[in-house]
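*Asks:* okay, predicted coordinates and the sequence, questions at the end:
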Amino acid sequence: MVNIFIIFLSAVIVNNYVLVNFLGICPFIGVSKKISPAVSMGMATTFVMTLTSAVSWLINKYILEGLNLQFLQTVSFILVIASLVQLVEMFVKKISKPLYDALGIFLPLITTNCAILGVALFLVLKEYNFIESIIFGFSAGVGFTLAIVIMAGIREELELADVPEYFKGAAITMIVAGCLALAFMGFSGLI
Amino acid sequence: MAKKITLSREFLKGLWDENPVLRMLLGLCPALAVTNSGINGLSMGLAVIFTLVMSSAIISLARNIIPNEVRIPTFIIVIATFVTIADKMLAAYFPDISKALGPFVPLIVVNCIILGRQEAFSSKNSVGRAVIDAFGMSIGFTITLTILGSFRELFGVGTIFAVQIMPDSFEPLMVMVLQPGAFLTLGLMIGIGNWLNARRAK
């Protein structure tokens, strides 16, 4: 139980996926203009991440390791992710059209969200068991949601700020992200 | 094809006008994660050049036989194959670099630049153009990463490509090689890029 709590805390705060491990930067910059799409993006990502970690753990353990095919890890994980994203996309389109429109191009782009493949690769690297993997995938998603929602909150305020002309948009976002990363460094040593 | 662009334009646009990192904000994850030194940035760039050029060539060759509905999975499989090759080659011949880049080499698969170019360019253009476009884009990416890495290395450790540049009295700014330094430096580079672009437009 303690172990699971540590995995959760570490993935959400100490080793935050976006700000410490630099995974999932593209949606972090792309979908963080407003809070509500940021929340939906975070939820979609968390959902796909949890599913991915469960499925890729099983594939790695029982198919790839069993047949000694570890070099196919990257290829098979990305296939799992691509099909899961397709599934989520059909699901979202069916239940909520406005959400589907809000996520737009970024929903298929979850496939190329490095955070998701990163989760699959990291859980093999860290040799988690099945339950730990699922917790890890879920908490990585929560960490991603936390970072993107904080960022969206700051950017909504930033609209009103007096930013130098050439630094408007992506440049100032990067610099704000730098300050956030600096703040998150304060959590290192917590575990 | 909608409009004919000369081949040299096709190549040059990747270096500046459509520079993947600075102008289009694609492939930011590796750009931030591995650029704690110039040499890491450069090797990441080289791995991306290899993957992008090879997969653009293959996908452009196969563009008429890939069914439209399954094009994304097909692109990803082709890309993943070349990334696995690059990953294993790095691990075999340059174990130190492979260790420093860690899981970011397999993560090239999900680098948005590569899939983006296949979707936007290779699947619609001839092999020659696709390869030239791929070279331009990936070289633009490599140059950006090398500059970013060298800058962070210069202020974080006082060296560029492990050659001492700063005087001994220089106090290294550790934060530049840590995570916040990556965001801050890239933010500055994008801002300066905007400024240069605006000046050139005048």
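*Replies:* That came through, no problem.
*Asks:* in contact with the residue nearest the centre of chain B, which residues?
*Replies:* The C-alpha lying nearest the average C-alpha coordinate of chain B belongs to residue B:141 (C-alpha atoms, centre = their mean; 3.4 Å). Applying C-beta atoms under 8 Å, 6 or more residues apart in numbering or on different chains, we find residue B:141 in contact with B:14, B:19-21, B:27, B:31, B:45, B:48-49, B:113. No exception for glycine: its C-beta is placed from N, CA and C like everyone else's.
*Asks:* helix or strand: which one has residue 92?
*Replies:* With no chain named, the answer covers chain A. Here residue A:92 is covered by helix A:73-95, with elements defined by DSSP states H and E.
*Asks:* hmm, no, I was thinking of chain B.
*Replies:* With DSSP H and E as the criterion, the answer for residue B:92 is helix B:71-93.
*Asks:* where does the residue of chain B most remote from its centre sit: helix, strand or coil?
*Replies:* With C-alpha atoms, centre = their mean as the measure, chain B has its most outlying C-alpha, relative to the mean C-alpha position, at residue B:169: 34.4 Å. What DSSP: H, G, I helix; E, B strand; the rest coil gives for residue B:169 is coil.
*Asks:* backbone phi and psi for it, please?
*Replies:* With angles defined as degrees, to the nearest 10, residue B:169 sits at phi -70, psi -10.
*Asks:* separation between it and chain A?
*Replies:* As defined by C-beta to the nearest C-beta, to the nearest Å, residue B:169 lies at a distance of 26 Å from chain A.
*Asks:* what's the answer for residue B:151, then?
*Replies:* Taking C-beta to the nearest C-beta, one finds residue B:151 at 14 Å from chain A.
*Asks:* skip the chain neighbours and tell me the closest residue to that residue.
*Replies:* Using C-beta to C-beta, 6 or more residues apart in numbering or on different chains and skipping the chain neighbours, the partner closest in space to residue B:151 is residue B:185 (5.7 Å).
*Asks:* which helices and strands sit right next to the helix holding residue B:92?
*Replies:* The contact analysis (3 or more C-beta pairs under 8 Å, 6 or more residues apart in numbering or on different chains; DSSP states H and E) places helix B:71-93 against helix A:73-95, helix B:38-61, helix B:95-101, helix B:112-117.
*Asks:* hmm, the third one touching chain A?
*Replies:* No: contact of helix B:95-101 with chain A (C-beta under 8 Å from any C-beta of the partner chain) is absent, the minimum separation being 12.3 Å.
*Asks:* residues contacting that helix, please?
*Replies:* Around helix B:95-101, the neighbours that count as contacts under C-beta under 8 Å, 6+ apart are B:34, B:39-40, B:43-44, B:47, B:87, B:90-91, B:105.
*Asks:* got a quick PyMOL command for the buried subset of these?
*Replies:* A single PyMOL command is used to select the members of those judged buried by 16 or more other C-beta atoms under 10 Å in any protein chain shown:
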select buried, chain B and resi 34+39+40+43+44+47+87+90+105
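*Asks:* quickly check: the lowest-mean-pLDDT helix or strand in chain A near chain B or not.
*Replies:* Confidence across the helices and strands of chain A bottoms out at helix A:97-103, with a mean of 74, counting by mean pLDDT, DSSP states H and E. No: in this structure, helix A:97-103 remains apart from chain B according to C-beta under 8 Å from any C-beta; the gap is never smaller than 15.9 Å.
*Asks:* lovely, talk soon.
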